[in-house]
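Engineer: next input, structure requested:
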Amino acid sequence: MQLLDWASKQLGYRFADPALLEQALTHRSAGSPHNERLEFLGDAVLGMVIAEALYRSQPDVSEGGLSRLRAGLVRRDTLAAVARDIGLGDRLLLGSGELRTGGQQRSSILGNALESLFGALYLDGGFVAARGVIHRLFDARLAAVSPADAERKDPKTRLQEHLQAQGLIPPEYEVTSVSGPAHRQHFRVSCRMQALALECSGSGSSRRMAEQNAAAAALEALDQGGNRSTERGT
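Structural biologist: Alright, predicted model coming up:
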């Protein structure tokens with residue numbers, strides 16, 4: 001009943017089948033049935049709902065721009081932030097090892113569980129019910145999206161396009177260090193451009209973020225003549 005009450009309050013939806021809700025919140029470390037298959041389904045449902053919302057709200061944005069906007073809204077860090085907003089981590093069923101290492105606050109686990117929740121919603125109440133909950137959780141973020149965001153390519157894309165325009169091979173990214181506890185890791189990544197004899201680095205709370213920061217540092221170095229190493233981090 002506590003899980004049902006939590007879901008009713010945070011999602012605005014009451015599950016008819018409590019077993020689906022429990023499965024959506026069960027990590028594989030806690031046994032079966034776990035939430036990985038629901039995650040697969042929920043990822044598709046979320047992508048469809050966000051794509052539809054962007055299609056309707058951004059009529060002047062191109063296909064590529066819509067794809068970039070959707071990627072920003074469904075990426076792991078965004079999903080984890082939404083999961084934290086509704087206190088999802090406190091409701092997860094985790095194995096003892098994940099509990100000891102702070103799995104209930106790990107972004108990957110939170111994001112996957114949120115997608116699993118959407119999959120369970122779809123099975124329990126259909127697409128209309130799932131869409132209603134997704135809008136409840138994402139409408140503020142959807143409202144903050146602007147057409148300018150759609151045309152703002154991420155640093156990795158801009159760096160690759162810059163090098164390709166000069167006939168150079170794409171940069172190579174390598175994780176050089178990972179520090180911190182499992183639920184709060186910090187990554188450092190190098191970005192090597194062999195043809196330019198240039199190497200830059202970046203850091204962040206995820207590998208993706210560290211790579212983007214490394215690419216941003218590389219673009220900055222190229223703007224300044226490309227004759228020195230630089231680093232950017234968060």
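Engineer: and the helix or strand harbouring residue 211, which residues are buried?
Structural biologist: Element membership for residue 211 (DSSP states H and E) is helix 207-223. Within helix 207-223, the residues that qualify as buried by neighbour count (16 or more other Cβ atoms under 10 Å) are 208-219, 221-222. The C-beta positions use only the backbone N, C-alpha and C, and glycine is treated the same way.
Engineer: cool, stretch 146-165 as well?
Structural biologist: Neighbour counts over stretch 146-165 (16+ other Cβ under 10 Å) mark 150, 155, 156, 159, 160, 162, 163 as buried.
Engineer: from residue 108, how far out is the residue nearest to residue 101 when sequence neighbours are not counted?
Structural biologist: Residue nearest to residue 101 in three dimensions, not counting chain neighbours: residue 182, with 4.0 Å by Cβ to Cβ, 6 or more residues apart in numbering. Distance, residue 182 to residue 108, using Cβ to Cβ, to the nearest Å: 10 Å.
Engineer: next: residue 56.
Structural biologist: In terms of Cβ to Cβ, residue 56 sits 30 Å off from residue 108.
Engineer: these two - which one has more neighbours?
Structural biologist: residue 108 (13 against 9; other Cβ atoms under 10 Å).
Engineer: list the contacts of the spatially most central residue of the chain.
Structural biologist: Centroid-nearest residue in the chain: residue 76, 1.6 Å away (criterion: Cα atoms, centre = their mean). Counting by Cβ atoms under 8 Å, 6 or more residues apart in numbering, residue 76 touches 107, 108, 111, 206, 208.
Engineer: and which of those residues is nearest residue 134?
Structural biologist: residue 111 (14.0 Å; Cβ to Cβ).
Engineer: run through the residues that contact that closest one.
Structural biologist: 76, 77, 79, 80, 83.
Engineer: of the residues you listed, closest to residue 115?
Structural biologist: Closest to residue 115, out of all of these and judged by Cβ to Cβ, is residue 79, at 6.8 Å.
Engineer: so which bits of the longest helix that the chain contains are buried?
Structural biologist: If you go by DSSP state H, the chain has its longest helix at helix 107-143. Neighbour-count burial for helix 107-143, counted by 16+ other Cβ under 10 Å, picks out 107, 109-125, 129-134, 137-138, 142.
Engineer: this protein: strands as residue ranges?
Structural biologist: For the chain, applying DSSP state E gives strands covering 172-179, 186-193, 198-204, 231-233.
Engineer: looking at those, which is closest to residue 46?
Structural biologist: That would be, of the strands of the chain and by Cβ to Cβ, strand 198-204, which comes in at 23.6 Å.
Engineer: so what strands line up beside that closest one?
Structural biologist: Using DSSP bridges, the strands paired with strand 198-204 are strand 186-193 (antiparallel), strand 231-233 (parallel).
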